[in-house]
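> I need the structure of the sequence given here:
(3 chains)
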Amino acid sequence: MSFITCRGLTFSYSPESRVVINGIDLEIEKGSYTAVLGHNGCGKSTLAKLMCGILLPTGGSVCVGGIDTADAERAYEVRRKCGMVFQNPDNQLVASIVEDDVAFAPENLGLPRGEIRRRVDEALATVDMSGYAKHSANKLSGGQKQRVAIAGVLAMGPECIIFDEATAMLDPTGRQEINAAMKRLNREMGLTVITITHYMSEAVEADRIIVMDHGAVAADGSPREIFSQVEKLKAISLSVPQVTELMYEMELDGFAMPRGILHAMEAADEIEKRAGGGKK
Amino acid sequence: MNASVNALELKNVTVVYGEGTPFCKTALRGVSVCFPEGSTTGIIGHTGSGKSTLASLTNGLLKPTKGEVLLFGEDIWAKPKEMRTVRSKVGLVFQYPEYQLFAETVWDDIAFGPKNIGLDEEEIKNRVRDAAEFCGITREELERSPFELSGGQKRRAAITGIIAMRPKVLVLDEPAAGLDPKGREEILGGLKEYRRQNGTTMLLISHSMEDIARYADRILVIKDGEAFMQGGLNEVFSNAEKLFDAALDVPQITKLFIELKKRGLCGDTDVYTVGYAKKEAERIIGGSGNA
Amino acid sequence: MLKDVTFGQYYPGDSFLHRADARIKIIILIIYLVIALAAQSALAVALSAAFTLYLAVASHIKLRLLLKSVKPLIFVLVFTGIINLFFTAGSGEPLLQWKFITIYREGIRNAVIMLIRLVSLVLGSAVLISYTTNPIDLTDAIESLLSPLKKIKVPVHEFAMMMSIALKFIPTLIEETNKIISAQKARCADFESGNVFRRIKSLVPVLVPLFVSAIRRAEELADAMECRCYRGGEGRTKLKEMKTRPADWIFLLAAAAMCACVIFLNRVPVKEVFEFWKGMF
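A predicted model of the protein is given here:
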């Protein structure tokens, strides 16, 4: 079942300015894990904002859980269903104390006190930050701040979370923390996860990759399918994992190497299989 | 160029923040490290390991609690009043340097450093023009406000502002952070070319093992405020076990060759670029008997 | 320089001042200010000083921090002290006369009262509010106390929200300022030399990036808040309930009584009390 549906979606920030999103038709399945790749300025962040109703389409439509985001009456329903975690951990936490920040969304929804408490505790437990409930948000590490931001979205009770380059400002440790959290939200809690990223290693973890270029979808498929098209990715100046590139380069040299190899182990298996065999 | 000359040297440096208070913290402990003239040293380590502290030591923004910082053999703290001369020789590019842009035009912003050094008008013009040309900033862009540029262009303009001072040593803290692969390649490739043309000594702080493997020739690993490993790329990356111990990684391609070695398919694990990996892998497949 | 800012510095703790209802604390602060300013007679001043001392001890805040809050005022304290000491004209014989300096009894008295008053004002508000009240509780309290104004369309919730966000971002912006200063120093910027005009001009490369970044942060935060269904104060609930416990009411009553005492004592001259005391025996 499709959770987010874009139909002929176009968007530009003002009538005179350039078209940022140029006719996108897209369906995101409920409970799926999708990565959106593309270089800076290709429109992927704008697409994310359109999907959670922060921006409204200038042409076409976006439906989230059956609600048209352009329906002003139900704007808050869209936002509640589809949360978003942003890039800069410092600019999305509202309150100084961790639990006050996580409580922000349920407070906005006007939930009773007991329910807010329950949601805050549960959300913090999900991202493994229960021990920090009373801590000052300013003193946490980047990865911890992003986990609090995730908890803040979870407390809203969303069905889908969009991560807009949420790991771009983190160190490798922080990135691992957030990637692990994303996986858990999808696999264990059944949430629809969309992650916008530059990191190929993160995109590889998803079930589906959408490659964007010039405000349109340039490629769409499983990580293996996408990373089989090395030429195409290079043409829109995206990189591929090192072993994928190695296999591709060897293929160019006339070795029959399989495409879409993503992990070092797989590559080792392939090389071992062919060891001593020579060119075919 | 004499290879044995050290452009920069830290001698037994210790840095303690807030000494004598309950919040006292040792950021670096007895670090001794050399940066030979003309080399590019990749500096790796976890957040809080002391990398940024080390960066602030190189141009005298921070004074070591103990030990010496030598620039071409001279203690930079010998004459604290002339620290600005040191800063013009050691260009320090902070993380996200685009957040320091302030002037009305890109030109004025790039000229800020050279002006502060006290150069004359003509020299400033030359330097701004040269630096901009090298970094691929067009004449038209120089006239624009820095705030109108795209993210990648802003980053380039900010780095140009440091290059325009013509430093002998260039210290870069994560110069490619947050950029897409194309932006990364432009910045890091450009810096490599700059070093090739000018023989500038570089210190490149990065979290990306792949980038360090591509752009550096030496590595310094900092762990808990100490120099944990240092040496050429081969020395450090061939010691993958020790890196894993420090909870650091090696490039994916090196991982592949560690695995291949385990399976007895090759002897070397000092493979860290795709180009070299291809040769090795093709050798393995092409006939391991005749190697 | 920026490290010494104590504004909005909350020190978590578990003293009775920490636990007290922030709304009651704000009301007590007002009463307290009245006490400190109204105390005129020696007895009244002594009582007000005793109250300050009691609050300071009850807060369990370390002496070092207490002194830190007074430190920025040293100049003002010395200045007022001197003014009062030398420029109060007395009625009786001067205690000291040397060249142009004349000191009267009243001068000493005024200087002492002024100093006690100033120190009390600063220390008292620091201990009652800044050090012992979580900023969030404080803004909640202000919102709650001012809520009657909502009826006449005063945006009380928005004001409180603005304040709490400002408090949240103070440490971030201080850190950012330090970073920008370092970055410009690395470009050989000079913040230390030259006359006042040059120094102010030298701050431009720091202030412009700081404003640009503050605006960018504000825009991003606005998006993040909208994404989390923020739509103003209407229909909003709170995680934390503000509770006024009996102890808070007693505290308030005590403060009010103290205020009454001070005003009463102002009218009672010390001499007469002594006379009265003597007459008892």
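
> CA only for contacts and neighbour counts going forward, please
Will do.

> distance from the chain centre to stretch A:194-201, please.
Relative to its chain's centre, stretch A:194-201 lies at 6 Å (C-alpha atoms, centre = their mean, to the nearest Å).

> what sits up against it?
Outside stretch A:194-201, the residues that touch it by C-alpha atoms under 8 Å, 6 or more residues apart in numbering or on different chains are A:33-39, A:44-45, A:160-168, A:203, A:239-241, B:179-181.

> check what pLDDT the residue of the stretch 151-291 of chain B found nearest chain C gets.
Among all residues of the stretch 151-291 of chain B, residue B:162 sits closest to chain C, at 6.7 Å; criterion: C-alpha to the nearest C-alpha. Model confidence at residue B:162, expressed as pLDDT, equals 95.

> distance of it from residue B:121?
Between residue B:162 and residue B:121 the distance is 18 Å, computed by C-alpha to C-alpha, to the nearest Å.

> neighbour count: those two, which is higher?
In terms of neighbours (other C-alpha atoms under 10 Å in any protein chain shown), residue B:162 is the more surrounded of residue B:162 and residue B:121; the figures are 27 against 11.

> please identify which helix or strand holds the more buried one.
Element membership for residue B:162, per DSSP states H and E: helix B:151-163.

> just the buried residues of that helix, please?
Judged by neighbour count using 16 or more other C-alpha atoms under 10 Å in any protein chain shown, the buried positions of helix B:151-163 are B:151-163.

> and of those, the nearest to residue C:39?
residue B:158 (59.2 Å; C-alpha to C-alpha).

> that closest one contacts residue B:102, correct?
No - counting by C-alpha atoms under 8 Å, residue B:158 does not reach residue B:102; the two are 10.0 Å apart.

> between the two, which contacts overlap?
Counting by C-alpha under 8 Å, 6+ apart, the shared contacts of residue B:158 and residue B:102 are residue B:109.

> domain ranges for the chain, per the record?
Defaulting to chain A. A:2-240, A:241-280 (automatic domain parsing).

> my question was about chain B, not that one.
According to automatic domain parsing, the domains of chain B span B:6-250, B:251-291.

> report the separation between the two terminal residues of the longest one.
In domain B:6-250, first residue to last residue: 27 Å (C-alpha to C-alpha).

> using PDB, write down the CA coordinates of the helix or strand where residue C:215 lies.
In the assignment (DSSP H and E), residue C:215 maps to helix C:204-227. Taking Å, rounded to 0.1, in the frame of the first residue of the first chain, the C-alpha atoms of helix C:204-227 are listed here in PDB:
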ATOM      1  CA  VAL C 204      32.200  43.700  12.000                       C
ATOM      2  CA  PRO C 205      33.800  40.500  10.800                       C
ATOM      3  CA  VAL C 206      32.400  38.800  13.900                       C
ATOM      4  CA  LEU C 207      29.000  40.400  14.100                       C
ATOM      5  CA  VAL C 208      28.000  39.900  10.500                       C
ATOM      6  CA  PRO C 209      28.600  36.100  10.400                       C
ATOM      7  CA  LEU C 210      26.900  35.900  13.800                       C
ATOM      8  CA  PHE C 211      23.700  37.600  12.600                       C
ATOM      9  CA  VAL C 212      23.700  35.600   9.400                       C
ATOM     10  CA  SER C 213      24.000  32.400  11.400                       C
ATOM     11  CA  ALA C 214      21.400  33.500  13.900                       C
ATOM     12  CA  ILE C 215      18.900  34.100  11.100                       C
ATOM     13  CA  ARG C 216      19.700  30.800   9.500                       C
ATOM     14  CA  ARG C 217      19.200  29.000  12.800                       C
ATOM     15  CA  ALA C 218      15.900  30.800  13.300                       C
ATOM     16  CA  GLU C 219      14.600  29.700   9.900                       C
ATOM     17  CA  GLU C 220      15.600  26.100  10.400                       C
ATOM     18  CA  LEU C 221      14.100  26.100  13.900                       C
ATOM     19  CA  ALA C 222      10.900  27.500  12.600                       C
ATOM     20  CA  ASP C 223      10.600  24.600  10.100                       C
ATOM     21  CA  ALA C 224      11.500  22.100  12.800                       C
ATOM     22  CA  MET C 225       8.800  23.600  15.100                       C
ATOM     23  CA  GLU C 226       6.200  23.500  12.300                       C
ATOM     24  CA  CYS C 227       7.100  19.900  11.600                       C
END
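
> okay, and residue A:194 sits in which element?
With DSSP H and E as the criterion, residue A:194 is inside strand A:192-196.

> re earlier: let me see the mean pLDDT of the helix holding residue C:215.
Across helix C:204-227, the per-residue pLDDT values average to 94.

> picking that back up, list the buried residues of the strand holding residue A:194.
With burial defined by 16+ other C-alpha under 10 Å, the residues of strand A:192-196 counted as buried are A:192, A:193, A:194, A:195, A:196.

> now that strand, how far from the chain's geometric center?
Centre to centre, stretch against its chain (C-alpha atoms, centre = their mean), the figure for strand A:192-196 is 3 Å.

> ok, stretch C:71-86 next?
Counting by C-alpha atoms, centre = their mean, stretch C:71-86 is centred 18 Å from the centre of its parent chain.

> packing partners for the following helix or strand past the helix holding residue C:215?
Read in the C-terminal direction, the helix or strand following helix C:204-227 is helix C:246-267, with elements assigned using DSSP H and E. With contacts defined as 3 or more C-alpha pairs under 8 Å, 6 or more residues apart in numbering or on different chains; DSSP states H and E, the packing partners of helix C:246-267 are helix C:22-38, helix C:42-58.

> let's see it at 6 Å
Applying 3 or more C-alpha pairs under 6 Å, 6 or more residues apart in numbering or on different chains; DSSP states H and E, we find helix C:246-267 packed against helix C:42-58.

> after the helix it packs on, next one along is what?
Along the chain past helix C:42-58, the next helix or strand (assigned with DSSP H and E) turns out to be helix C:63-70.

> please see if that next one touches chain B.
No - no part of helix C:63-70 sits close enough to chain B to count as contact by C-alpha under 6 Å from any C-alpha of the partner chain; the gap is at least 11.8 Å.

> neighbours of the residue of the stretch 101-250 of chain A at minimum distance from chain B, how many?
Closest approach of the stretch 101-250 of chain A to chain B (C-alpha to the nearest C-alpha) occurs at residue A:168, with a separation of 5.1 Å. By the other C-alpha under 10 Å criterion, the neighbourhood of residue A:168 contains 21 residues.

> quick check: which element contains it?
Here residue A:168 is assigned to no helix or strand, by DSSP H and E.

> distance check, residue C:207 against residue A:127.
With distances taken as C-alpha to C-alpha, residue C:207 is found 37 Å from residue A:127.

> rewinding a little: just the closest of the buried residues of helix B:151-163 to residue B:261, please.
Proximity of the buried residues of helix B:151-163 to residue B:261, judged by C-alpha to C-alpha, is greatest for residue B:152, which lies at 39.9 Å.

> next up, phi/psi of the closest residue to chain B within the stretch 101-250 of chain C, please.
With C-alpha to the nearest C-alpha, the shortest gap between the stretch 101-250 of chain C and chain B falls at residue C:187, namely 4.6 Å. As for residue C:187, its main-chain torsions (degrees, to the nearest 10) stand at phi -100, psi 30.

> how close does it sit to residue B:86?
Distance of residue C:187 to residue B:86, given as C-alpha to C-alpha: 11 Å.
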